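Enquirer: here's my sequence, what's the structure:
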Amino acid sequence: MMKLYYGPGACSFVPHAALEVIKAATGDDFETQTVKLHKGEQRTPEYLALNPLGLVPVLVEDGKALTQIVAICDYLDRRFPAAGLLPTDPWQRAQALSTFAWMNNSVHPTFTHVFRPSNFASGESAQEDVKALGVAKFREHLERIQSMIAHASPWLLGESISFVDFYALVFLRWGGFANIDPASLPAYKAFVDRVAAHPAVASAMAREGINLDTFKAK
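Expert: Model prediction:
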């Protein structure tokens, strides 16, 4: 049985929700292990033996560990094609992976500048500049996702819910932590509400103990 190591509310939510979709479609169950990032559990010797980079997610199957969200999700799609998590047409699949890769290598790292500015600057003033620029750029990314949502039918990749829908949910939640009011992105917010209402997504959110309400007006 596969086992997913995840951090509640982290990007690992994407394969977590996907595993719930797979379970519903195929009956294949999975195990989970919470990694409490705020307590540094990702830096324990036991976890570093699975992923020396100390990051989530990690997927373990038959005693073998797989890291990196895009690789894990590509594996899950190939392992369980009946779940429909990516298109089967080669060109459409490539386009879907292009969007997924952009989310992973552009949108996600931008939020790192907001959440951990000390990774990019040493002085307090410089860190505040890094964070402010990160928030502005992150909002641009959210607005681009909102423009994609205008063509969702009903999901971003068409008739089947997919990895990119789950990532879109994660990013809007993170936006609240960056003081981006989801109400200022109404189409995006309505879309994420629909994603969260999907039974598989709702199950993953309940297990992680997270909700969509992260924005606190300042």
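Enquirer: name the single longest helix found in this protein.
Expert: helix 124-149 (DSSP state H).
Enquirer: now for that helix, which elements pack on it?
Expert: Judged by 3 or more Cβ pairs under 8 Å, 6 or more residues apart in numbering; DSSP states H and E, helix 124-149 is in contact with helix 108-115, helix 163-177, helix 186-197. Yep, even glycine has a C-beta here, placed from its N, CA and C like the rest.
Enquirer: list the buried residues in that helix.
Expert: Applying a neighbour-count criterion of 16 or more other Cβ atoms under 10 Å, one finds 127, 130-131, 134-135, 137-139, 141-142, 145-146, 148-149 buried in helix 124-149.
Enquirer: cool, and stretch 157-168?
Expert: Applying a neighbour-count criterion of 16+ other Cβ under 10 Å, one finds 157, 161-168 buried in stretch 157-168.
Enquirer: on that earlier part again, let me have the buried residues of helix 124-149 in a markdown table, extended by pLDDT and distance to Arg43.
Expert: What follows is the buried residues of helix 124-149, written out as a markdown table (pLDDT from 0 to 100; distance: Cβ to Cβ, whole Å):
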| residue | pLDDT | distance to Arg43 |
| --- | --- | --- |
| Gln127 | 96 | 22 |
| Val130 | 97 | 23 |
| Lys131 | 96 | 24 |
| Gly134 | 97 | 24 |
| Val135 | 97 | 27 |
| Lys137 | 98 | 28 |
| Phe138 | 98 | 26 |
| Arg139 | 98 | 31 |
| His141 | 98 | 29 |
| Leu142 | 98 | 30 |
| Ile145 | 98 | 32 |
| Gln146 | 98 | 36 |
| Met148 | 98 | 36 |
| Ile149 | 97 | 37 |
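Enquirer: specify which member of those residues is nearest to Phe30.
Expert: Ile145 (27.7 Å; Cβ to Cβ).
Enquirer: the longest helix of the chain: how far from the chain's middle?
Expert: 17 Å (Cα atoms, centre = their mean, to the nearest Å).
Enquirer: swap in stretch 97-112?
Expert: The answer for stretch 97-112 is 10 Å, by Cα atoms, centre = their mean.
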